[in-house]
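S.K.: Sequence first, then the predicted structure, then my questions.
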Amino acid sequence: GGDSGDTGGSTGAGGAPDTGEPLPSVAADDALAARVPPAVAEDGVITVGSDSTYAPSEFLAEDGQTIIGFDVDLFELVAQKLGLDAQFETAPFDSIIAGVGSGRYEVGVSSFTINPERLEQATMVSYFDAGTQWATRAGNPDGVDPDNACGLSIAVQRGTVQVDDITARSQACETAGQEPITIDQYDAQSDATAAVVSGRDAAVLADSPVMAYAVAQTNGQLELLGDIYDSAPYGYVLPQDQADFAQAVRDAVQALIDDGTYTQVLERWGVQDGAIDDPTVDPTVG
Amino acid sequence: MAAEAPDTTARPAPPEQIRAVPVRHPGRWVAAAVIAVLAAMFVHMLATNPVFQWDFMLDNMFTPAVLRGARTTLVMTVAAMVLGVLLGIVLAVMRLSPNPVVSGAAWTYIWFFRAIPRIVLLFFIANLGALYARYEFGFPFDRQLMDLLGFQADWRLFGFDGNEIFVGFTAGLLGLALSEGAYMAEIVRAGIQSVDPGQAEAAHALGMSRGRTMRRIVLPQAMRVIIPPTGNETIAMLKDTSLLIAVPVTTELNFQLRAIGSRTFQIIPMAVASILWYLALTSLLMIGQYFLEKRFSRGFGATETRAQRAARRAADVGSQK
Amino acid sequence: MAAEAPDTTARPAPPEQIRAVPVRHPGRWVAAAVIAVLAAMFVHMLATNPVFQWDFMLDNMFTPAVLRGARTTLVMTVAAMVLGVLLGIVLAVMRLSPNPVVSGAAWTYIWFFRAIPRIVLLFFIANLGALYARYEFGFPFDRQLMDLLGFQADWRLFGFDGNEIFVGFTAGLLGLALSEGAYMAEIVRAGIQSVDPGQAEAAHALGMSRGRTMRRIVLPQAMRVIIPPTGNETIAMLKDTSLLIAVPVTTELNFQLRAIGSRTFQIIPMAVASILWYLALTSLLMIGQYFLEKRFSRGFGATETRAQRAARRAADVGSQK
Amino acid sequence: MTGDGAAMVRAEGVRKSFGHVEVLKGIDLEVAPGEVVCVIGPSGSGKSTFLRCINHLEKIDAGRLWVDGHLVGYRERGGKLHELRDREVAAQRRDIGMVFQRFNLFPHMTALENVVEAPVGVKGVRREEARARGVELLERVGLGERVHNYPNQLSGGQQQRVAIARALAMEPKLMLFDEPTSALDPELVGEVLDVMRGLAESGMTMVVVTHEMGFAREVGDSLVFMDDGVVVEAGDPRRVLTDPQHPRTQAFLSKVL
Amino acid sequence: MTGDGAAMVRAEGVRKSFGHVEVLKGIDLEVAPGEVVCVIGPSGSGKSTFLRCINHLEKIDAGRLWVDGHLVGYRERGGKLHELRDREVAAQRRDIGMVFQRFNLFPHMTALENVVEAPVGVKGVRREEARARGVELLERVGLGERVHNYPNQLSGGQQQRVAIARALAMEPKLMLFDEPTSALDPELVGEVLDVMRGLAESGMTMVVVTHEMGFAREVGDSLVFMDDGVVVEAGDPRRVLTDPQHPRTQAFLSKVL
Ligand SMILES: Nc1ncnc2c1ncn2[C@@H]1O[C@H](COP(=O)(O)OP(=O)(O)OP(=O)(O)O)[C@@H](O)[C@H]1O
Ligand SMILES: Nc1ncnc2c1ncn2[C@@H]1O[C@H](COP(=O)(O)OP(=O)(O)OP(=O)(O)O)[C@@H](O)[C@H]1O
Ligand SMILES: [Mg+2]
Ligand SMILES: [Mg+2]
């Protein structure tokens, strides 16, 4: 579990939660633990695939080893409820779902927005609500309008739902007879954000908590643009044939919501806006 | 001690041709069998393991977007090599200049670009836009310099268009060409230095200028040494275009194949598709390189011929007597 | 036509020493000045452009995590090279085997791993875990093969531990070592072939076996040719560890520096930090390489000495008369 | 047509081709134990090839070749020839010392290491024993002072003498010399010939390809003139050199003498 | 101490060092127009260096050197020497042909292209004109049939004759030869000397470093013996060769004749 208490760095480089509160811990629920598949329960460890470039959901702490973030904190509690230890491994974002399918990871926790395509590949358990949020440089010097970004360079992370979003917008531009959008797809979300800080791209779009966090971290160099839209749940990614386990995970999240630790964790990272009260296995989306 | 005259026809029976039972090498055959079985297993696995999704791969590895990616990769390879070779020639001539400032600058350039990994360089260059855009707005310093010097045009272009230049294809091309220039410089220098100094001397004795001697006499002969490693560099460049994913250059082959993988969650089939594509493209170049090397290893030079002849003569000293 | 005896002391006035006014080369000095001013501008920009955030960079480029990253990079370089060299020797000997299956297998291996970009290979290997986990569960096929053959242990290990092997450091090491093996094989082969065949012949004539001849006579002499390019390969390997970001190997230098950049959105300072780190590490190796080449270019071999001597003799034929 | 023990070397109709070129066209030769046979002939006549056949560095295509009563490179069993394994060929070669025109010393080993390498590594002689014997042999060829020098620190003549000592260290029954002095500067030829003369006097069986007619005349028990892959003339060296019978021999000698 | 027009080459106290080693220790020499001077001397005596000084391939350290009345490599103005620019040096060299021991033909050009390169590229002669003249020159050196051969398709003697033709194509006033025959197999020496003899007879001024004493005797107008960086003895070739005055000349000639 990552709690880097000591933040530091001249530009607010820390990235740890603003509150100094320690991460709450919860007791295992034996009934839930009993529903964990034997293959997972065997060693008491659940292997988590996560792309640690997505602050504040999951990112590397200053020690260069620990993965921290609200996704991490929250899933650690889920694991505790299930009597497991969560072991996070860094993986390229676009290979996590395939990795869960193949058994390489026992679960994928990396701010996956639930969408029909992903539901075709995996069982997903919703645990948070996020929408898409745009950001641009402070003062919006390029005059970006999310609804009319034709002809601009826009940054996104490869493999995210925002790629589809921006591709659709670009096509709309073209059908309207305007310049298409130049879509710069980066390996890491942080590269996409940095591309806007540096002025290389006019704007970036990503999940709302990520953008909020980036704006906070870049000392006023960025500002949010427009409203959150396309609100959709984040989901834990589980293998398709483990509906029962998914149900157990759902119940564990519900238990955390019920006992208040869920909100505690979200508040710790300042993302309580996205809290939900009805975690669901394979929710209907889109 | 005995030995008749050589007319073997007179001998009673000509000694028979040797038709011996060859030695068996069971070890070798075991090794061969092991390799063959491993290969068979490998092929079987490829054929039957559902992870590979061959149908899916075949359907997706020749889409128009991928074919465009392959074209971009080839265009990038050629463009980066052309710029790199030109830059390399300039740097090599600078490196051999008697002026220590000029030669030192070339040395520094070559050292710098050979010492840093291309992916790091590409990543840096991709982010350079920030540098110059910022530089333009924040500092009056460049205007002072511009007043001072005569070559502002270039510098301004550089400064103003940072964000357009250091993006996508252009950024990737710039990074690869700058880096290649350093490697080519060493190759060209080796080529120039491989030419017998007697050649330049003969040209000078005929009253030819330095420049003309370099162009007409030295460089054409250096080509024999320069061309084969340039072929290797081209192959390496083709492979290194796959690094452009770090810029990113979204139109390039590797990016396109991975994008399909990301979109469809079929990472492995598209990774295999990448491997097959590069295997095919590189093999084509390798075949070209093979013929190039064959052609150039023959050598057209009297220099080489003379050296060879000298070596042969020395070797023959004894046996010819 | 005239020429006195050589006692120049008897001459009326010894001809004076030549102290000529040297030719001015304004072009050269302009070039030097241009370079110097460009360099000064560059340094000034580095110093004053706020994008670089030198303080921030210095604060962050030597954190314990980064230092650990540098260590991992070095460990990875050494480990990959050691494995690569061993693999290369095996492949080179296989390649030179008279058995066509064995030599063909080595050829295929070398061709394959030289033809695909390392970053594509690393990405593929990183995803192999998926392959083998699936393979294990879905197919009874490997059990049949295991019955058939005698080397199951290895294969099972391979099969079972896929997910642990093809992850992080191990996956990266495996990818780099497999790839390096192919390059080293060509180097080792060139080294072996550079040894005068007379050496092996002399060893055979003394009754030495093939294996012993290779170990005691050929390989030690091949070293002279093998070692310098191996130094180059080591430098290239150090640089290529930066590709491990594709696996990803999170403990490695480039990843660590970029992670700081990601966390703080200070991409450029940390990109510069990467450049400086690799510049320093590579330069260290380059210095080592320089001395290595110097040492080995002297050559210890009678072969070379004799060839040189032969060449010298041939060249002297005329002037010695 | 059998290899009885009487001859150290016995060749019958030995033929050898490289590709389509027949280099040896049926060589017959017998060398008695203790005999010194000198082989002369123009370049390309097949002298080296024949020497290399004797210790199976080349495979013969037809004919038979025995050394010390054993078929070289083959075993005859049930009326059929079987190739020997590498190991068996190596064992045969141990009894045959060979000295090359270009010395072929191991450049990464000192003179003594060159001499010791094969006895220790191949015959399993104890290292100290081999070293003592090696020093003795090097002294015998006049290099007692140079045991720890590397080949490139030695003159050509010294290198060739080390090469002879190296061959002798295996205690061969037969020594083959392929133009041992022709890569040497003229002033160094004598020292090598002296060593060879001493060796001949000690009773070693030797086949010497050479162009040193003086050596052939004084030391050789017989002289063989080869041309174009056949033995044209053979006999007492003095007789062949002064009164050659065959016109090709006459032509050759008139050029080299 | 001035370069009056009378002499084609005039050297006064020419000195040249490489690092700390003084290779030319004060050379005085005069070559009249049309004269053929042969230079002999042991290896390392500085013959080549002196020749290279004459067309400024080496810079001299002290003394003065004139060719055809012009200071080589310098301009004297206001009592001071000024180095010539590369362009001016090149212009001076056009009047001096040089033939090297190792031919130094351009291997990527045919014989004719070798001959045509400098007239066209340096003097600006029209290509057709240069080619016609080149063929003529190659015919003059006996290579009319070989104009389109590359150097590596020619024998050494033929290459050297092309090199002479190449130098002549610039219509030099002076020809320098640095051991033009010593890299040649003996049977090829004659054909090159014949060409040189013809050239001498046509009235060309020549400085020839050579070991061909026969040539020096028959063709040379004078013979210079150099040793250790000085001219030891000079004079009529027949006189110097048959009756050398200086003991060093005697010692040298006793060895080479
Ligand atoms: N390995 C080989 N492959 C093809 N041809 C060969 C080979 N070895 C020798 N030859 C040819 O066989 C012929 C005889 O060669 P060999 O070396 O036996 O002659 P030699 O009498 O020893 O001559 P020399 O006095 O030059 O050493 C030559 O024409 C040679 O080119
Ligand atoms: N570029 C150079 N740098 C250093 N030393 C040189 C150079 N060129 C010549 N020398 C030395 O100058 C001396 C004279 O050389 P030079 O070639 O003029 O002699 P040479 O009389 O032509 O002899 P040879 O008959 O061998 O050609 C020699 O000792 C040579 O080693
Ligand atoms: Mg021979
Ligand atoms: Mg000379």
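M.R.: Noted; the coordinates are in hand. Ligands and ions are numbered 1, 2, ... in the order given.
S.K.: Distance check, the residue in the stretch 101-250 of chain D that chain B sits nearest to against D:Phe215.
M.R.: Among the residues of the stretch 101-250 of chain D, D:Ser182 lies closest to chain B, at 2.9 Å counting by CB to the nearest CB. All C-beta atoms are positioned from the backbone trio N, CA, C, and that covers glycine. As judged by CB to CB, to the nearest Å, D:Ser182 and D:Phe215 stand 12 Å apart.
S.K.: Kindly report the same for B:Glu186.
M.R.: 53 Å.
S.K.: Please say which of those two ends up with more neighbours.
M.R.: D:Phe215 (24 against 16; other CB atoms under 10 Å in any protein chain shown).
S.K.: Might one say that the more buried one is in contact with D:Val36?
M.R.: No: the criterion here is CB atoms under 8 Å, and D:Phe215 misses it with D:Val36 at 9.6 Å.
S.K.: Give me the common contacts of these two.
M.R.: Counting by CB atoms under 8 Å, 6 or more residues apart in numbering or on different chains, the contacts common to D:Phe215 and D:Val36 are D:Val208.
S.K.: Who are the contact partners of the residue nearest the centre of chain B?
M.R.: Nearest to the mean C-alpha position of chain B, by CA atoms, centre = their mean, lies B:Glu233 at 0.9 Å. Listed by CB under 8 Å, 6+ apart, the contact set of B:Glu233 reads B:Met81, B:Gly84, B:Glu180, B:Tyr183, B:Met184, B:Ile187.
S.K.: can you check D:Arg217 too?
M.R.: Contacts of D:Arg217 (CB under 8 Å, 6+ apart): D:Pro237, D:Arg238, D:Leu241.
S.K.: where's the last one, which helix or strand?
M.R.: Element membership of D:Leu241, judged by DSSP states H and E, is helix D:237-242.
S.K.: and for the next helix or strand after that helix, what are the contacting residues?
M.R.: Using DSSP H and E, the helix or strand that follows helix D:237-242 towards the C-terminus is helix D:247-256. The contact list for helix D:247-256, computed with CB under 8 Å, 6+ apart, reads B:321, D:40-42, D:211, D:213, D:225, D:227, D:232-233, D:240-241, D:244.
S.K.: Flag every buried residue along helix D:247-256.
M.R.: Judged by neighbour count using 16 or more other CB atoms under 10 Å in any protein chain shown, the buried positions of helix D:247-256 are D:Arg248, D:Thr249, D:Phe252, D:Leu253.
S.K.: what about stretch B:188-206, near chain E?
M.R.: Yes: Stretch B:188-206 lies within reach of chain E by CB under 8 Å from any CB of the partner chain, at B:Asp196, B:Gly198, B:Gln199, B:Glu201, B:Ala202, B:Ala203, B:His204, B:Ala205, B:Leu206.
S.K.: got JSON lines for those, with neighbour count and secondary structure too?
M.R.: Output for the residues of stretch B:188-206 next to chain E, formatted as JSON lines (neighbours: other CB atoms under 10 Å in any protein chain shown; DSSP: H, G, I helix; E, B strand; the rest coil):
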{"residue": "B:Asp196", "neighbour count": "19", "secondary structure": "coil"}
{"residue": "B:Gly198", "neighbour count": "16", "secondary structure": "helix"}
{"residue": "B:Gln199", "neighbour count": "21", "secondary structure": "helix"}
{"residue": "B:Glu201", "neighbour count": "16", "secondary structure": "helix"}
{"residue": "B:Ala202", "neighbour count": "26", "secondary structure": "helix"}
{"residue": "B:Ala203", "neighbour count": "25", "secondary structure": "helix"}
{"residue": "B:His204", "neighbour count": "22", "secondary structure": "helix"}
{"residue": "B:Ala205", "neighbour count": "28", "secondary structure": "helix"}
{"residue": "B:Leu206", "neighbour count": "29", "secondary structure": "coil"}
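S.K.: All good on my end, thank you.
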